[in-house]
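S.K.: any chance you can model this:
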Amino acid sequence: MTESLPGAHMREELHSQPQTWATAADLTAEQRVLPAAGARIAVVGCGTSWFMAQSYAALRESSGQGETDAFAASEAFVDRGYDAVVALTRSGTTTEVLELVDRIKGRVPTIGVIGDPTSPLVSMVDDAVLLPFADEKSVVQTRFATTALALFRASLGEDLTAAIADATAVLTEVADDDELRDAEQYTFIGRGWATGLAHEAALKLRESSQSWTESYPSMDYRHGPIAIAAPGRVTWHFGDVPEGLAAQVRATGARFEHRAIDPLADLVRLHRLALDRAVARGLDPDQPRNLTRSVILDA
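M.R.: Numbers count the residues shown, from 1 in each chain. Presented below is the predicted three-dimensional model:
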């Protein structure tokens, strides 16, 4: 495959995810840099990184390892006596993250989880966890986000063996579901830590293929958003499905999409769909409309 093909970078990066997850799981020294159990922390990021922060926060707090809040960096309330702030960013150059870290420097310990080891954020944080093996050329993020979350999960004591196996299986499947790829509209939903994955799935498909997507917590979906469900549309659920929800969606004529695999591996399945849908529409997800690799705002 040559880099001139639309989505060549995204394709290579999404297919590398099982290996980058395995690498992250083995980074025991880097995992020890992350806040210890019992610490009260905030996790901040922008876009995709914010959604991964939401998933990490839900996993950390639900496992009893400490109060954990997730914020978009531009909307973060970090003057609350946190023991540490974790800043997640692929580029390390995002304006809102840099401004926040600079504002709290010397007052709140900061830890950066960063893809680019040459970025300015590396020298601004108190501690840096660097993931250059997961950095990307594509504007549309896949492996950095999931690898960061794999690192977080491993730091919480999770065994990622099953997740890696599920992702490997997803990537070896024959992609022949035209009905799913060509749907008119998609709604992504999830519970607990998978809610962040649902928000990320909606963003990913929207960025890469200019598609109409929405996302909600699965229990909130029935409080209005289910009104959008109809024939030719998809409701995709990450993780365990609340009782009765699948039947309610199918009654609308919409397709209820769910697979009983690790939710992070199911996000890889969505990555593959996003790539295929973009290419089928004549789009290049490596260079999506109106987007750049990092959002750097003018002063």
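S.K.: use CA for all of it now, contacts and neighbours both
M.R.: Noted.
S.K.: toward the C-terminus, what is the element adjacent to the helix or strand hosting Ser123?
M.R.: Ser123 is part of helix 121-124, with elements assigned from DSSP states H and E. Counting by DSSP H and E, the next helix or strand C-terminal to helix 121-124 is strand 127-130.
S.K.: contacts for that next one?
M.R.: With contact meaning Cα atoms under 8 Å, 6 or more residues apart in numbering, strand 127-130 is reached by 30, 33, 110-117, 122.
S.K.: please state the offset of the next helix or strand after that strand from the chain centre?
M.R.: Next along the chain after strand 127-130, taking DSSP H and E as the criterion, comes helix 143-155. Taking Cα atoms, centre = their mean, to the nearest Å, the mean C-alpha location of helix 143-155 is offset from the chain mean by 9 Å.
S.K.: what helices and strands are in contact with helix 143-155?
M.R.: Applying 3 or more Cα pairs under 8 Å, 6 or more residues apart in numbering; DSSP states H and E, we find helix 143-155 packed against helix 17-25, helix 28-33, helix 48-62.
S.K.: give me the longest helix you can find in the chain.
M.R.: Taking DSSP state H as the criterion, the chain has its longest helix at helix 263-280.
S.K.: quick one: the strands in the stretch 101-250 of the chain?
M.R.: 110-114, 127-130, 185-190, 213-217, 233-238 (DSSP state E, counting those that start in this stretch).
S.K.: give me the helices and strands touching the longest helix of the chain, please.
M.R.: Where contact means 3+ Cα pairs under 8 Å, 6+ apart, helix 263-280 is packed against helix 8-15, helix 161-172, helix 178-181, helix 194-209.
S.K.: follow-up on the earlier one: in the helix holding Ser123, what's buried?
M.R.: 121-122, 124 (16 or more other Cα atoms under 10 Å).
S.K.: same check, this time on stretch 133-140
M.R.: 134-136, 138-140.
S.K.: can you name the residues that contact Pro18?
M.R.: 164-165, 167-168.
S.K.: try it again with 10 Å
M.R.: Contacts of Pro18 were listed using Cα atoms under 10 Å, 6 or more residues apart in numbering, and they are 143, 146-147, 150, 160-161, 163-169, 171, 265, 268.
S.K.: likewise Val113?
M.R.: If you count contacts by Cα under 10 Å, 6+ apart, Val113 has them with 30, 33-34, 86-92, 121-122, 125, 127-131, 148, 151-152.
S.K.: give me that answer again for 7 Å
M.R.: 87-89, 128-130 (Cα atoms under 7 Å, 6 or more residues apart in numbering).
S.K.: partner residues bridging the nearest residue to Val249 once chain neighbours are set aside?
M.R.: With sequence-adjacent residues excluded and distances taken as Cα to Cα, 6 or more residues apart in numbering, Val249 is closest to Phe256, at 6.2 Å. Per DSSP bridges, the residues bridged to Phe256 are Thr235.
S.K.: re the thing from before, out of the contacts of strand 127-130, which end up buried?
M.R.: Among these, the ones that count as buried (16+ other Cα under 10 Å) are 30, 110-117, 122.
S.K.: redo those residues as a markdown table? Include distance to Ala280.
M.R.: Shown next, in a markdown table, are the buried ones among the contacts of strand 127-130 (distance: Cα to Cα, whole Å):
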| residue | distance to Ala280 |
| --- | --- |
| Glu30 | 40 |
| Thr110 | 43 |
| Ile111 | 40 |
| Gly112 | 37 |
| Val113 | 34 |
| Ile114 | 32 |
| Gly115 | 30 |
| Asp116 | 31 |
| Pro117 | 35 |
| Val122 | 39 |
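S.K.: which of those residues sits closest to Gln19?
M.R.: Nearest to Gln19 among the buried ones among the contacts of strand 127-130 is Gly115, at 15.9 Å by Cα to Cα.
S.K.: for the closest one, which residues are in contact?
M.R.: By Cα under 7 Å, 6+ apart, Gly115 lies in contact with 89-91, 130-132, 134-135.
S.K.: buried subset of the residues you listed?
M.R.: Neighbour counting with 16+ other Cα under 10 Å marks 89-91, 130-131, 134-135 as buried within these.
S.K.: CSV for these, including pLDDT and distance to Asp276?
M.R.: Below are those laid out as CSV (pLDDT from 0 to 100; distance: Cα to Cα, whole Å):
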residue, pLDDT, distance to Asp276
Thr89, 97, 26
Arg90, 94, 24
Ser91, 91, 25
Leu130, 98, 30
Leu131, 98, 27
Ala134, 97, 22
Asp135, 95, 22
